[in-house]
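Asks: give me coordinates for this.
(one chain, ligands or ions: 3)
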Amino acid sequence: MLSSSARVLATRYRGNASNSWKRNSQKAAVVTTSSSPTSSPVAATRFFATLPTEEDDAMDVKVSPWEVPEQVPDEGEWEGCRRNFMSPLQISVRGSDILTNPLYSKGTAFKNGERDRLRLRGLLPHRIMNIHKQIDRFLITLRDLDSNIRKNIMLEDLHDRNETLYHRVLVDHMEEMAPLIYTPTVGQACQEHSSRFRRPRGMYFSEEDRGHMAAMVYNWPQPDVHVIVVTDGSRILGLGDLGANGMGIPVGKLSLYCAAGGIAPHRVLPVVLDVGTDNKELLEDEFYLGAQKPRLRGPEYYHLVDEFMEAVRYRWPNVLVQFEDFDSSVAQRLLDKYRNEHLCFNDDIQGTGATTLAGLLGAIRAKGEEVTSLGDQRILIVGAGSAGIGIAQVLYGAMLEQGYTEQQAKDSFFICDQHGLIGEERVGKLTPETKPFARAEDDGMSIVDVAKKHKPTIVLGVTAVGGLFNEEFVRELAAGVERPIIFPLSNPTVKAECTAEQAFEWTDGKCIFASGSPFDPVEMVDGKTYYTSQCNNMYVFPGVGLGATLCGAKKVSDRMLYIAAKALAECVPEEDLARGQVFPHISKIRMVSHKIAVAVIEEAMRDGLATKISAEDAKDLNEFVARKMYYPEYVPIVEKRTITI
Ligand SMILES: NC(=O)C1=CN([C@@H]2O[C@H](COP(=O)(O)OP(=O)(O)OC[C@H]3O[C@@H](n4cnc5c(N)ncnc54)[C@H](OP(=O)(O)O)[C@@H]3O)[C@@H](O)[C@H]2O)C=CC1
Ligand SMILES: CC(=O)C(=O)O
Ligand SMILES: [Mg+2]
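Replies: Numbers count the residues shown, from 1 in each chain. Ligands and ions are numbered 1, 2, ... in the order given. Reported below is the predicted structural model:
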């Protein structure tokens, strides 16, 4: 039980919330694949005849978008800048087909010139609202709702109606919206997916589709997909096997790809491999929408994944595939199978590892120690699944980079699973990835005894067991070291190994705390406020995906993830570290993704893995990446015409 000495601040800490990380070009939003109609002088005349009228411009565009040249700011001045030129979006559909297409619709923001041009006159109410007014109105209704799941539903309804407005709400209000479209609320949204189903989003591939997948991918309406997030629903957050209900995870991750990573919404595809479920409740649920049969296993399962991978690469040869929330019984094997031949990575293994490394570098700095002292830390990882072993591998690699020997690096780790500390006695039963971390002694030792005997400086929770870090354990940690670093990383919030209040209370406010799902800062009886951070792979995957796709990387290398972690760690200002915050404020996530993407491209170029960076682009990668990042903003829409002269 919690004493009353700790209570959550009523108002969430906002930090230096700046919403002004703007993209500098709208080019990525152009859905057409046709060549520019301005390519001949005659065509150009006709094309410009369809440009917005003065009346359009007068509505809310302060400077005519057509006259101002692109202005590229100096490095360091990206924030707040924005290019005034907006390429028009050329589309073939007209009238109500525009209003019902979420990629094109602006709702009430269509101006009069556009309403005429696109045959929308009479289909919309009289009053024209610009995007800012639309956001204000949306937020009033959203904030009036009494539960996060209702807010999630309202946001997803908007997602289905108007992608630009949806993503702009996310970009401008990331701190408020991320917990609604992502962890923790997305966990509940997945659990209730079948009963609340309204309209499909993404693609499903099942056993019945074997032999058809290469054709099926052509059912997806967008010609140029850059990023796929795929799950088989076998381990959704810490909620276990949710089968096809897991679709909310790829959808939520891809919303972050767009809003936080600057990938345009028409370039992302969420996928569920619906291979059945072993969740008894779902097998008996009359409304469950997935395949109601036990999970496909063994060679048949791997053949199905193989066919899927071949199919998506056949249609989109350069697509990045992010594996998400696959059970650890298959996750590493799939990664090993595809990592060198497809552009892909496993977010739970590699993304989480990189994110945690960044958070630990920050925490070590916050303690006033050298960041290069990673191998001198005593790191207790509780949970030896995808996330736990993924983190250990990335930290181990970072220690070698810092100059520690393999043995010194291995000696830093204490890894526990359900049976306690993993020791050499059970080496025969361990996976090849876990084996190197087995301790020579103390096999099966409880986490409390590990804390007593080995006095870890760092504790990471990746067990999906809510409350596992109990008072006895946390007090033992605090007794062992001056300032323990405690990261309960399991999601959603109910699965966190301890809460922020518990961690601060049981360590007398001395710990550095970061969690997988967000926690509010805590005010203790002494009146002091203790700050929290969110350690979630959302800080890494959008930037890695952006960088890898922009440079046409042949693969995602381990070093790219290491570089991404370092870039992320560098984004934390000293004043945040001083109050124990070891990740950048969430409102800065676009800036973080930009920086990671640049670092990933540089690494890809160094390693000969980049296939798409021209000499011109390479001159200024900051500018190149910023220019390519999607920013959700209404652009003028024009008819796509076939002109024969
Ligand atoms: N913050 C973030 O960015 C991320 C967080 N996560 C979270 O991490 C959690 C785990 O994910 P993942 O690694 O894929 O899951 P897995 O199921 O692969 O691994 C869970 C591990 O926890 C161990 N475990 C279970 N109960 C206990 C216990 N009582 N004491 C010690 N160890 C225990 C299991 O042991 P055994 O093998 O013996 O069963 C297993 O090794 C999830 O909640 C997920 O949401 C995941 C990715 C990213
Ligand atoms: C964050 C994440 O990827 C997970 O909890 O699985
Ligand atoms: Mg995950």
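Asks: surely Ile128 and Gly113 touch.
Replies: No. With contact defined as C-beta atoms under 8 Å, Ile128 and Gly113 do not form a contacting pair (10.7 Å). (Each C-beta comes from the backbone N, C-alpha and C, glycine too.)
Asks: how many residues are close by Arg475?
Replies: Using other C-beta atoms under 10 Å, the number of residues around Arg475 comes to 16.
Asks: in space, what's closest to it - neighbours in sequence excluded?
Replies: The shortest distance from Arg475 to any non-neighbouring residue, by C-beta to C-beta, 6 or more residues apart in numbering, is to Trp506 (5.2 Å).
Asks: touching ligand 1 at all, the one helix or strand Leu361 maps to?
Replies: If you go by DSSP states H and E, Leu361 is part of helix 352-366. Yes. Against ligand 1, helix 352-366 shows contacts by C-beta under 6 Å from any ligand atom at 352, 355.
Asks: so stretch 274-284, near ligand 1 or not?
Replies: No. Using C-beta under 6 Å from any ligand atom, stretch 274-284 stays clear of ligand 1, coming no nearer than 13.5 Å.
Asks: can you list contacts of that stretch?
Replies: Contacts with stretch 274-284, where a contact means C-beta atoms under 8 Å, 6 or more residues apart in numbering, come from 194, 204-207, 232-233, 240-245, 288, 290-296, 301, 304.
Asks: start to end distance for it?
Replies: Stretch 274-284 has its terminal residues 16 Å apart, counting by C-alpha to C-alpha, to the nearest Å.
Asks: can you pull the residues of the stretch 201-350 of the chain lying near ligand 3?
Replies: Applying C-beta under 5 Å from the ion, one finds that the stretch 201-350 of the chain approaches ligand 3 through 324-325, 348.
Asks: quick one: the helices in the stretch 101-250 of the chain, in order.
Replies: Under the criterion DSSP state H, counting those that start in this stretch, the stretch 101-250 of the chain carries helices at the ranges 112-117, 131-144, 148-161, 163-172, 174-181, 185-191, 193-196, 213-216, 248-259.
Asks: C-alpha coordinates for the fourth one, PDB please?
Replies: Meaning helix 163-172. Below are the C-alpha coordinates for helix 163-172, written out as PDB (Å, rounded to 0.1, in the frame of the first residue of the first chain):
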ATOM      1  CA  GLU A 163      -5.600  12.100 -41.900                       C
ATOM      2  CA  THR A 164      -4.100  15.600 -42.100                       C
ATOM      3  CA  LEU A 165      -6.100  17.000 -39.200                       C
ATOM      4  CA  TYR A 166      -5.500  13.800 -37.100                       C
ATOM      5  CA  HIS A 167      -1.700  13.900 -37.600                       C
ATOM      6  CA  ARG A 168      -1.700  17.700 -36.900                       C
ATOM      7  CA  VAL A 169      -3.500  17.100 -33.700                       C
ATOM      8  CA  LEU A 170      -0.800  14.600 -32.800                       C
ATOM      9  CA  VAL A 171       2.100  16.800 -33.800                       C
ATOM     10  CA  ASP A 172       0.800  19.900 -32.000                       C
END
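Asks: quick check: phi and psi at the residue of the chain found nearest ligand 1.
Replies: For the chain, the nearest residue to ligand 1 under the criterion C-beta to the nearest ligand atom is Gly385, separated by 1.9 Å. The phi/psi pair for Gly385 (degrees, to the nearest 10) reads phi -100, psi -150.
Asks: which ones are touching it?
Replies: Neighbour list for Gly385: 328, 417, 462 [criterion: C-beta under 8 Å, 6+ apart].
Asks: for the second one, name its beta-bridge partners.
Replies: Read it as Asp417. Beta-bridge partners recorded for Asp417 (DSSP bridges): Gly420.
Asks: and the residue minimising distance to the centre of the chain, helix, strand or coil?
Replies: Per C-alpha atoms, centre = their mean, the C-alpha nearest to the average position across the chain is that of Met538, at 3.5 Å. Classification of Met538 using DSSP: H, G, I helix; E, B strand; the rest coil returns helix.
Asks: which residue is the nearest non-sequential neighbour of Tyr253?
Replies: For residue 253 the amino acid is Lys, not Tyr. Per C-beta to C-beta, 6+ apart, closest to Lys253 is Val229, 4.6 Å.
Asks: wait, doesn't that neighbour sit right on Pro270?
Replies: Yes. With contact defined as C-beta under 8 Å, Val229 counts as touching Pro270 (5.7 Å).
Asks: any residues in contact with both of those two?
Replies: Residues touching both Val229 and Pro270 by C-beta under 8 Å, 6+ apart: 250, 253-254.
Asks: with pLDDT and distance to ligand 2 added, can I get these in JSON lines?
Replies: Below are the shared contacts of Val229 and Pro270 laid out as JSON lines (pLDDT from 0 to 100; distance: C-beta to the nearest ligand atom, whole Å):
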{"residue": "Pro250", "pLDDT": "98", "distance to ligand 2": "11"}
{"residue": "Lys253", "pLDDT": "98", "distance to ligand 2": "8"}
{"residue": "Leu254", "pLDDT": "98", "distance to ligand 2": "13"}
